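Asks: quick one, structure for this:
(4 chains)
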Number of protein chains: 2
Amino acid sequence: MASQRTKGDNRTADRILDIAERLVQTRGFNNFSYADIAKELRITTASLHYHFRSKAELGHALITRYAAQFGESLQRIDREISDARAKLEAYASLYASVLKGRRMCMCGILAAEYQTLPRPMQRAVIGFFDDNQRWLAGVLDNGQRERTLAFSGSADEVAQSILSTLEGAMLVARPYADLSKFNATARHLLSGLAN
Amino acid sequence: MASQRTKGDNRTADRILDIAERLVQTRGFNNFSYADIAKELRITTASLHYHFRSKAELGHALITRYAAQFGESLQRIDREISDARAKLEAYASLYASVLKGRRMCMCGILAAEYQTLPRPMQRAVIGFFDDNQRWLAGVLDNGQRERTLAFSGSADEVAQSILSTLEGAMLVARPYADLSKFNATARHLLSGLAN
DNA sequence: GTCTATAGGCAGATAGAC
DNA sequence: GTCTATCTGCCTATAGAC
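Replies: Model prediction:
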């Protein structure tokens, strides 16, 4: 199918994605409508369908863009920080900054709705988690070799554990609107990896 | 308002709650309908409204019952297990058994939808988390005194951390339908509290 | 690219008979 | 307690004019 990239001007498509992204991260994929976006953007829902033929397609585009942006953040960490422990702290800060906006990690909230999502979105959520875990495992491996990190079990298992803990910390802290609840968990998590 | 408790026979109400509970834990509160329950129970949606006047009321009853059952499980742990570390393992097993049924913790999935929930349900979700954290903090305090557990930071912070980690481990593991992913995180979590 | 108009379905909820 | 019938509203999506 022709993606919106093939259409000349995609500033509108980007603005749609911006609004939809915020709505997904605050309300979940099934709990916002084309009407919500249309109202905010001051266009009609019919126009939205020109940019994204279906909500499923919009949803898939959302995850794709989100994962790409997150990947860029990880590359920036790799570029600017060499110490493994500092990398993990920067990683946790990515989550904290999302939570600061009263949002969940997009794939965290989609994981909660997983069984109601269209297949392509399900696969993309899994892909996001896999990418994160792979990156974390790499950081952990390096840290262990350089003796700046210490942990028992495999790097994969600990990577899984870090991802889960940060997602859970966001999930639980958000209803309280209390960033310090998140930070306490992140701090405890990282202190367990100190050498 | 007259709750369904005041009405003579509440076997039907209980069956409604059983079905709705499973639907919430697999799909989320906003992603199932009275029609779903009605079909499974072979009654009409109009009859459902006799037992629970509104979906909001049904949702509140769901959390209340879930929290009460969970509380009973905690009491049973307190009764049957004295070692603090073994209590935490039993606590993690509660989560594992929920996940085994492809379900999320009810309040975990409701936390993801938090901003779309009616006020009374929001308060009940917070209450569930508070209760769990309080119980965990008590276990941690005892374990620290008896030197069977060791951790840095306050018992409250570590309790918060345990709750968050287990909720997150469920959230992330469920799309993979892989219990071992959950277990790896739970094991890593508890190993960090060993003495 | 955006609009009006509308289709077709599903949601939660209520009235009133039995 | 359960039913039929119905209401109102919202949802995603499409046809076709501009």
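Asks: any low-confidence regions in chain A?
Replies: Applying pLDDT under 70 to chain A picks out residues A:1-9.
Asks: over in it, which residue gets nearest chain B? Let me know.
Replies: A:G168 (2.1 Å; CB to the nearest CB). To be clear about C-beta, it is placed using only N, CA and C from the backbone, and glycine gets the same treatment.
Asks: relative to B:L140, how far out is A:A155?
Replies: As judged by CB to CB, to the nearest Å, A:A155 and B:L140 stand 28 Å apart.
Asks: repeat that for A:L88.
Replies: 24 Å.
Asks: over to A:N10?
Replies: Taken as CB to CB, the span from A:N10 to B:L140 is 52 Å.
Asks: who's more crowded, the two?
Replies: A direct count of neighbours by other CB atoms under 10 Å in any protein chain shown for A:N10 and B:L140 places B:L140 higher, at 23 against 15.
Asks: surely that one meets B:A155?
Replies: Yes. Using CB atoms under 8 Å, B:L140 is in contact with B:A155, at 4.1 Å.
Asks: what segments of chain A are helices?
Replies: If DSSP state H is used as the criterion, the helices of chain A fall at A:11-27, A:34-41, A:45-51, A:55-80, A:84-100, A:106-112, A:119-145, A:155-173, A:179-191.
Asks: which one, of the ones you listed, ends up nearest to DNA strand C?
Replies: Across the helices of chain A, DNA strand C has its closest neighbour in helix A:45-51 (3.1 Å, CB to the nearest atom of the strand).
Asks: check which residues of the closest one are buried.
Replies: For helix A:45-51, a neighbour-count test (16 or more other CB atoms under 10 Å in any protein chain shown) marks A:L48, A:H51 as buried.
Asks: do stretch A:163-179 as well
Replies: In stretch A:163-179, counting by 16+ other CB under 10 Å, buried: A:163-176.
Asks: so what sits against both of B:L140 and B:A155?
Replies: Counting by CB atoms under 8 Å, 6 or more residues apart in numbering or on different chains, B:L140 and B:A155 have no common neighbour.
Asks: A:A13 against A:H51, yeah?
Replies: Yes. In this structure, A:A13 is within contact of A:H51 by CB under 8 Å, at 4.7 Å.
Asks: how far away is the closest residue to A:G192 other than its chain neighbours from A:L189?
Replies: Using CB to CB, 6 or more residues apart in numbering or on different chains and skipping the chain neighbours, the partner closest in space to A:G192 is B:G192 (4.4 Å). Using CB to CB, we find B:G192 at a distance of 9 Å from A:L189.
Asks: so the residue nearest to A:F128 when sequence neighbours are not counted versus B:L163, what's the distance?
Replies: The shortest distance from A:F128 to any residue other than its chain neighbours is 4.3 Å, reached at A:C107 (CB to CB, 6+ apart). With distances taken as CB to CB, A:C107 is found 21 Å from B:L163.
Asks: likewise A:E40?
Replies: 35 Å.
Asks: could you do A:K100 as well?
Replies: On the measure of CB to CB, A:K100 and B:L163 end up 21 Å apart.
Asks: just to revisit the earlier point, save the helices of chain A as CSV, and put in distance to DNA strand D too.
Replies: Listed next are the helices of chain A as CSV, based on distance: least, CB to the nearest atom of the strand, whole Å:
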stretch, distance to DNA strand D
helix A:11-27, 10
helix A:34-41, 4
helix A:45-51, 4
helix A:55-80, 4
helix A:84-100, 23
helix A:106-112, 15
helix A:119-145, 13
helix A:155-173, 23
helix A:179-191, 30
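Asks: quick one: closest of these to B:R79.
Replies: Taking CB to CB, helix A:155-173 is the member of these nearest to B:R79, at 27.0 Å.
Asks: what angle separates that closest one from helix B:155-176?
Replies: When axes from the mean of the first three to the mean of the last three CA atoms, to 10 degrees is applied, the directions of helix A:155-173 and helix B:155-176 differ by 110 degrees.
Asks: for helix A:155-173, name the packing helices and strands.
Replies: helix A:84-100, helix A:106-112, helix A:119-145, helix A:179-191, helix B:106-112, helix B:155-176, helix B:179-191 (3 or more CB pairs under 8 Å, 6 or more residues apart in numbering or on different chains; DSSP states H and E).
Asks: distance to A:R27 for the ones you listed - can I get that in CSV?
Replies: Formatted as CSV, the helices and strands packed on helix A:155-173 follow (distance: least, CB to CB, whole Å):
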stretch, distance to A:R27
helix A:84-100, 15
helix A:106-112, 8
helix A:119-145, 16
helix A:179-191, 20
helix B:106-112, 10
helix B:155-176, 17
helix B:179-191, 26
